[in-house]
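S.K.: Next comes the sequence, and after it the predicted model I'd like to discuss.
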Amino acid sequence: MPEEKGRPALSDATRGRLLFGGDYNPEQWPEETWHEDVRLMKAAGVNSVTLGVFSWSKLEPEPGAREFGWLDTLMDLMHEGGIGVVLATPTSSPPPWMGRLHPDTLPVTEDGRTEWWGGRQHFSHSSATYRRYAAAITEDLAARYGGHPALTMWHINNEYCTFDHGDEAAAAFRRWLREKYGTLDALNEAWGTAFWSQGYDTWDGVLPARQPHYMRNPAQVLDFRRFTSDMLLECYVAERDIVRRHTPHLPVTSNFMPLWFGQDAWRWAEEEDVVSVDLYPDPRDPLGAQHGALVQDMTRSQARGPWVLMEQAAGPVNWRGVNHPKPRGLNRLWSLQAVARGADAVCYFQWRQSRQGAEKFHSGMVSHAGEEGRTYQEVKRLGADLARIAPEVSGRHSGADVAVLHDWHAWWAGAQDGRLSQRVDHADVLKTWHRALWQAHLTTDFAHPEHDLSAYRLVVVPQLYLLTDAAIENLLAYVRQGGTLVCGFLTGVADEDDRVRPGGMDARLRELFGIRTLHEWWPLDAGESVACEGFGGTLWSEELEADGTADETLPYKGGELDGLPAVLRKDRAWYVSTLPEPDALRDLLARIAAGTGVRPVLDGLPEQVEAVRRGEVLFVLNHGREPVTVEVPGTHRDLLTGTSVTDRVSLGRYDVAVLRP
Amino acid sequence: MPEEKGRPALSDATRGRLLFGGDYNPEQWPEETWHEDVRLMKAAGVNSVTLGVFSWSKLEPEPGAREFGWLDTLMDLMHEGGIGVVLATPTSSPPPWMGRLHPDTLPVTEDGRTEWWGGRQHFSHSSATYRRYAAAITEDLAARYGGHPALTMWHINNEYCTFDHGDEAAAAFRRWLREKYGTLDALNEAWGTAFWSQGYDTWDGVLPARQPHYMRNPAQVLDFRRFTSDMLLECYVAERDIVRRHTPHLPVTSNFMPLWFGQDAWRWAEEEDVVSVDLYPDPRDPLGAQHGALVQDMTRSQARGPWVLMEQAAGPVNWRGVNHPKPRGLNRLWSLQAVARGADAVCYFQWRQSRQGAEKFHSGMVSHAGEEGRTYQEVKRLGADLARIAPEVSGRHSGADVAVLHDWHAWWAGAQDGRLSQRVDHADVLKTWHRALWQAHLTTDFAHPEHDLSAYRLVVVPQLYLLTDAAIENLLAYVRQGGTLVCGFLTGVADEDDRVRPGGMDARLRELFGIRTLHEWWPLDAGESVACEGFGGTLWSEELEADGTADETLPYKGGELDGLPAVLRKDRAWYVSTLPEPDALRDLLARIAAGTGVRPVLDGLPEQVEAVRRGEVLFVLNHGREPVTVEVPGTHRDLLTGTSVTDRVSLGRYDVAVLRP
Amino acid sequence: MPEEKGRPALSDATRGRLLFGGDYNPEQWPEETWHEDVRLMKAAGVNSVTLGVFSWSKLEPEPGAREFGWLDTLMDLMHEGGIGVVLATPTSSPPPWMGRLHPDTLPVTEDGRTEWWGGRQHFSHSSATYRRYAAAITEDLAARYGGHPALTMWHINNEYCTFDHGDEAAAAFRRWLREKYGTLDALNEAWGTAFWSQGYDTWDGVLPARQPHYMRNPAQVLDFRRFTSDMLLECYVAERDIVRRHTPHLPVTSNFMPLWFGQDAWRWAEEEDVVSVDLYPDPRDPLGAQHGALVQDMTRSQARGPWVLMEQAAGPVNWRGVNHPKPRGLNRLWSLQAVARGADAVCYFQWRQSRQGAEKFHSGMVSHAGEEGRTYQEVKRLGADLARIAPEVSGRHSGADVAVLHDWHAWWAGAQDGRLSQRVDHADVLKTWHRALWQAHLTTDFAHPEHDLSAYRLVVVPQLYLLTDAAIENLLAYVRQGGTLVCGFLTGVADEDDRVRPGGMDARLRELFGIRTLHEWWPLDAGESVACEGFGGTLWSEELEADGTADETLPYKGGELDGLPAVLRKDRAWYVSTLPEPDALRDLLARIAAGTGVRPVLDGLPEQVEAVRRGEVLFVLNHGREPVTVEVPGTHRDLLTGTSVTDRVSLGRYDVAVLRP
């Protein structure tokens, strides 16, 4: 969100191009390979690499030492090759000496086990020692390379994700709580410690979410998750501020894992000049493209504009049970999908596949098969494609009329142990609703429930178990001002302290939908469905009593809930008390959207085809293995082929057309 | 067992009523809610609440402090409302300051992990510190409220269940072993330490059942389980003795979890004035009613008379994977089933559903939906029902001619890691046999194998892997004196030290059944069955050689055991070497029972209907969702409806008739 | 491998007999039982027992004490009974006082948990304290019994298998690494520590494979596995050297677990006079006989001659989920199978089934049913059978023309967390290929990839993910010199440091098979198969580009790999890039073997029959429950029945013929 703060932006790094490249870990290779790398990068159109992500032990081989020579060489080499450098602070993987000399820097699990060095990300966010060393190496990196002409952006740490339950984290948690609550009374009230005799008489008595004998206090767990996100953010901000001091003109980012449970990415995005994400759909997942679309929509929404696909895989990853390569064409297809949905950078982990280490079976842009391998050959083709379309898409907006609401705090609160159904998972429900919209060919943004929603014609809440009063008022105002709202089950149950609202659902929301009484929740078992008028519901159902004000209801049919409302609409507010089967949910949302005037990107699209507009450019993507012909009214130029197409475009397997009117 | 000791009894609390109410945790609510609570309690016929179960941190917010004012107010308020109070010692959930100041009070798991505060029941039974604090708060509670007119009973702690493997528990275990064995030689002999080089040369060398490199010594594990039950019992007795000193006229209880593995409830019941239990069948479990019947029969047998249903749920619980509410009528049905099987108190966890904490999705008598919610409305109806029938049932006996034997020590010993089949579980086998009797409409007691069995016409031993010599002699004497005995497989295998008896089964028992040699046990795999004459067997089979004295045998058919005896009868002693399929087991037991003159409660009962006599009153319960008509010879008055019924009674879904001749 | 070193050999213990007996743990029994045991042993033809395996706490009840009296008595008793004694050092299960006084002797798991005493094998291989005590008791045992006339062999420890990640193990690991690598630079290079910032600046910074935050360094894990095997071997060698000093004329062994992951048995076998193994196929496993054949072939290959079946079960074991007894005849069948495949000793764990302890449900030669039990009666029959055939088989060779290659280092390296498919398991693949050869009635040896292979007509490499340069050169030379080589997928991927070889597969091997480029690996999901010309493949497939030099290719059909080579043959070198379905693999290998002139043991064998030659004797084993007639050209004498058979032999269920021309 640079515009708002006068901060540098992604456009300062792209300068009209689409960035193309990836993590580059030359420490693993002899110097002759570096020159070979530059040759292959240039041949593939690579214009950006990320250096230094895992270089701490190379840069600081013993405490306080500095070895910059090799990096000097590489920065110069990249510059000579015309390749920009995103320089990483190496703080995600401290050198072995850190844990050896300072065991206080090692994280501790909820059941008291130390996480030793020998992998990566083995640092405690709360460790003063870790932070001191991290600041020092960041300072020296920024001082040395801040003025280097190859440098285009800063990459802080990598995939922040480490929880800690140790003693230093406990002390930090207490400080965080003290700042939040001021008094112990306020904490006791917010956590409901009157139950189960958990009243705290001193701050020192409060623990991180360590393993108890029986179920944890869910409000404690919720705050611990908030605290963890905040502490990791503190680590980020501390390093960001150092590099900003040296290079106020360069944008700063830290790469998210997609829809990762541990980070409140809305809050994080506010602290970033550039929002970047890592994205690894399973090539075998029939819904891989939808998963990609979701992450891309969410990242674009966090960025409020173009964003960076910081990591993807040119072939297989190596952390699944079975890791599949990408069939011919899929890497290109999914890369162009990201650009369609707003990416101005298509990057990979990593440039050259490792021969050693824990990720040597994770693919690279250059695979073990080398230059002649299919993987590199396809990367090369993609580089040329990106260069062709860059002038028409870089920096352009990719908008939507529909917003899907998501909030990490609601996710965290709803994920408690003692919930009514362990089968209900916020992220799964979110994906299911987004998929229905995606399959209806409706482009969506994501938004936080307290964001300004007035620009959207339709707002969809798959599930927000926790809603603050401000969020509820925001939703009410949105509907009041003419917006259409669709809410799924288990929304508005708890307040921001995870306190169940009287009646089991906020009274204002009940009134909004025309619900008098929520008698009981009826979770459904695996394989169980409930009949509703015109469709089947899964996962959940509710024993609702309407108040007679609804304009439309679809009742449950048969069973214990026979005749009770499954779906209610009162004016422009819809409540869906079950999870309709996929086709039913798609049709319901398409119907509601049509009622608000929102239409699919193209009419009559086959199921396997995705269409997305970015600025004036229309992307048409064939996710199928069979060729397809798509109707596209009018005449366009296909930027990829340079040919002109009229009224219809034919796409081969995994093919893409990028059409300019 | 108050009669035997001149101790106060449950009747001192019920005084001709059926108690109705539940755990009340007013600490969670503002004072205005308390008055609302009294109003709703009175409207629902609530006459008993349990206070203080989780109030320790409220009563003793810092070490040694006392805050009784709020409890004074509540005791008075209850008294004014005509509601009796079962006062709990709050010792199941120590305040956070206890673990903070005294980490020695925290339990340690078998693999060395501390169980931190933040949940509940995080106390070490062996901790002198914990016991000192527990005694002090108990003393002060008893002194302050012992004379309060609202007080009707004491409730010590709550669901004792915490294992501990830490150093203080190790020292206590050694003391316990020293007392049991006297000498190390005796321990070495009992534990068979000659195997695997486990001979102890000092008491200090003996450990709790901590995690070893490979399988534990099963006799050590058995003693550790005995020790744990005894140590928890010591905690109970210590608190009980304090309150008894102050209130010798009031009965004392501690609520069991149903059929819980960790407590020898036969032994515990001897130390209780009132036996109480918590019972939570899954509303979706088609065998939920049978599970209820089993727990009710067992609790009544432990109490040797009326007992207390201390906790059940008015709706869903929140600790299963998927937690279902109770369909309309089920709460009433299952509550009246408990009364039919001897309960003089029908209580809930908890009165008002929490808005905060780990159990806020566990239902209350007043749910989140409040007074208008279906849950409370059904509670109200039940309260009226109980008041109607109380005069005819409270304090009355609910007897049986059949006894099922169960012993925790046999369960513990049989649950060892290195057993022949992990598929064989004592509790499952027990449930299967009880279910067969229940489905045959035969009312059953439970008994310990060393109890006097002479009152029963039929004694059933589903499985007692471990039998002491005294128990074996008891069974032999029972048969000798005319009783009929049916034993399932894996009975009489081990002595009280878990030493396998020569021949793999006690020689006296083999002679009793007519078995010469038990060649091999043949456990069956999941999905595997073995054909026997007239039925199929599952789970287990045995390669037996008969000695030619049996009066009746049913052989295995086909397979490796073809022609060998599956079932033997010699005179009145039956041995069943496999687990007959449910219908076959039901029919076999019905046939044997008929031979002893034991008949079903009513003839011709449909499968979905349960009938139980309590004193002169006949309960007829329809567990089905379809209406049903049941033949009941003669004319009765239905205490619930006040109407008269002749020869047959019609019951709607989940309906109950309580018939008085 | 005694011949090579002038060391005593198994023949020194057998002296023309087949040893028959088992572990004997008389400490568990009163002295009168010992005399009963001798009577039963003699009746059953037992001529060898193993004493002392778990006797440490009996021999050294407190630190430094010695109690030999009971063992003196037993040694004499055995000698008087004509039964030889294999004397064990008791060091696999230290007495409780060891852990109590020296917690440093207890192993620590990868996540920091102590493995306490109370089971067995709770010793740290790196503990100086443990080693000191172990040496002292070994010394005293050897001094006392070295000259006893009953003593025939030494049995060191038992099933060495304990990992340790504690601090003393860490120090030992560093010493081991220092010796291996010399410099930290060499270690950093070999482990690829440049990736993920794992460069070590001091030896002190190196850890055992303790649990990290995220994936471990696979080269570290590989070296840790090597180190563990070596440290356990050091323990063995230390004790061996002590007993050798006292009894240079007696052979020494330590019993392996079959195909156990943790020990490099090729390396271990070099240090043993006699190779012995424990073998426990599941009686219910339809492939139990093949599993037996594999272990027997491997043990014989490690021994390079006759070997000892040190442990098997006469009936059930007790460590599976469900433990089945052996049906009548199976114990005899599987015992004779072992003799057919080279065993000169058929022994059991244990002589008399325990009444106490963790293994009391593990069978003995004398079961709980005692002398009259079926188990002992069958043991007795087997004893007589062994005596009958011993003169014609003891010491004789049992050879093969086919070698299957196996290497623990390849297994270890391939088992890393971050591999492409967790479904690929070296041992499973090895078993599948061996099974195909076994089902084709081809007798096989096993060999290490660096062994001299010139004696074999056919060498089969199911999967050797890691191959050293020496191994590759050995394979190339083997083919060059006329041998036929068949390699399965994932062979030759990594070098000895687990560094992926350029191209993903060694270039020399690619050239050998006619492969230009290995583009991508395509692992297959569970239930997935890939069509190839003439057969289906499972588990794995590969995107290969041939170089045009192959003499024969079988292509993939359909799917992403359509038309690419699934199987290549270039001259006498075959590469199989998938796992053919069992029948296809059997047929392929039978075809290739036939091409090399290798033929089945007998022609036209039914599937259920196994035939093996040992010296001049032909074993024919019916693994089916149905009788069968087998054509055996010519006239033979059946050593078991003493009858003469011509051209065909008839075998009942589980029956065996041992035929001498």
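M.R.: Looks like it arrived, so ask away.
S.K.: Starting from the longest strand along chain A, tell me which strands it pairs with and how they run.
M.R.: In chain A, taking DSSP state E as the definition, the longest strand is strand A:628-638. Strand pairing for strand A:628-638, determined by DSSP bridges: strand A:644-651 (antiparallel), strand A:656-660 (antiparallel).
S.K.: JSON lines please, covering those strands and showing mean pLDDT, distance to residue A:367 and mean neighbour count.
M.R.: C-betas here are computed from N, CA, C, even on glycine. Compiled in JSON lines, the strands paired with strand A:628-638 are given as follows (pLDDT from 0 to 100; distance: least, CB to CB, whole Å; neighbours: other CB atoms under 10 Å in any protein chain shown):
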{"stretch": "strand A:644-651", "mean pLDDT": "97", "distance to residue A:367": "27", "mean neighbour count": "14"}
{"stretch": "strand A:656-660", "mean pLDDT": "98", "distance to residue A:367": "23", "mean neighbour count": "22"}
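S.K.: ok, back up a step: need the residues that contact the longest strand of chain A.
M.R.: Contacts to strand A:628-638, defined as CB atoms under 8 Å, 6 or more residues apart in numbering or on different chains, come from residues A:602-606, A:608-609, A:611, A:618, A:620, A:622, A:643-651, A:657-661.
S.K.: name the element residue A:292 belongs to?
M.R.: If you go by DSSP states H and E, residue A:292 is part of helix A:288-303.
S.K.: Show me what that helix is packed against.
M.R.: helix A:265-269, strand A:276-278, strand A:307-311, helix A:330-340, helix A:426-439, strand A:444-447 (3 or more CB pairs under 8 Å, 6 or more residues apart in numbering or on different chains; DSSP states H and E).
S.K.: same thing but 7 Å
M.R.: helix A:265-269, helix A:330-340, helix A:426-439, strand A:444-447 (3 or more CB pairs under 7 Å, 6 or more residues apart in numbering or on different chains; DSSP states H and E).
S.K.: Alpha carbons of it, as CSV, please.
M.R.: Extracted C-alpha coordinates of helix A:288-303, given in CSV (Å, rounded to 0.1, in the frame of the first residue of the first chain):
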residue,chain,number,x,y,z
GLY,A,288,-5.3,-26.9,-8.1
ALA,A,289,-6.2,-24.0,-10.4
GLN,A,290,-8.9,-22.9,-8.1
HIS,A,291,-6.6,-23.1,-5.1
GLY,A,292,-4.2,-20.9,-7.2
ALA,A,293,-7.0,-18.4,-8.0
LEU,A,294,-8.0,-18.1,-4.3
VAL,A,295,-4.4,-17.4,-3.2
GLN,A,296,-4.0,-15.0,-6.1
ASP,A,297,-7.2,-13.1,-5.3
MET,A,298,-6.3,-12.9,-1.6
THR,A,299,-2.8,-11.7,-2.3
ARG,A,300,-4.0,-9.1,-4.7
SER,A,301,-6.6,-8.0,-2.2
GLN,A,302,-3.9,-7.7,0.5
ALA,A,303,-1.7,-5.8,-1.9
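S.K.: Rounded mean pLDDT for it, please.
M.R.: Helix A:288-303 comes out with an average pLDDT of 98.
S.K.: what's the distance between that helix and the middle of its chain?
M.R.: Here helix A:288-303 shows a centroid-to-chain-centroid distance of 7 Å under the convention CA atoms, centre = their mean, to the nearest Å.
S.K.: Kindly report the same for stretch A:292-304.
M.R.: Distance, centroid of stretch A:292-304 to centroid of chain: 7 Å (CA atoms, centre = their mean).
S.K.: what do you get for stretch A:558-572?
M.R.: For stretch A:558-572, the distance to the chain centre is 34 Å (CA atoms, centre = their mean).
S.K.: Any idea which of the strands paired with strand A:628-638 gets closest to residue A:363?
M.R.: Shortest distance between residue A:363 and those, using CB to CB, is found for strand A:656-660: 21.1 Å.
S.K.: Pull the residues that contact the closest one.
M.R.: A:333, A:336, A:389, A:392, A:616-621, A:632, A:636-640, A:645, A:649, A:651 (CB atoms under 7 Å, 6 or more residues apart in numbering or on different chains).
S.K.: quick one: that strand to helix A:330-340, angle?
M.R.: Strand A:656-660 runs at 30 degrees relative to helix A:330-340, counting by axes from the mean of the first three to the mean of the last three CA atoms, to 10 degrees.
S.K.: What number of residues are in the vicinity of residue A:80?
M.R.: Residue A:80 has 10 neighbours, counted by other CB atoms under 10 Å in any protein chain shown.
S.K.: Identify the residue nearest it in space, chain neighbours excluded?
M.R.: Of all residues not flanking residue A:80 in the chain, residue A:38 sits nearest, at 7.8 Å (CB to CB, 6 or more residues apart in numbering or on different chains).
S.K.: how near is that neighbour to chain C?
M.R.: Residue A:38 sits 19 Å away from chain C, going by CB to the nearest CB, to the nearest Å.
S.K.: thought that residue was touching residue A:81?
M.R.: Yes: between residue A:38 and residue A:81 there is a contact under CB atoms under 7 Å: 4.3 Å.
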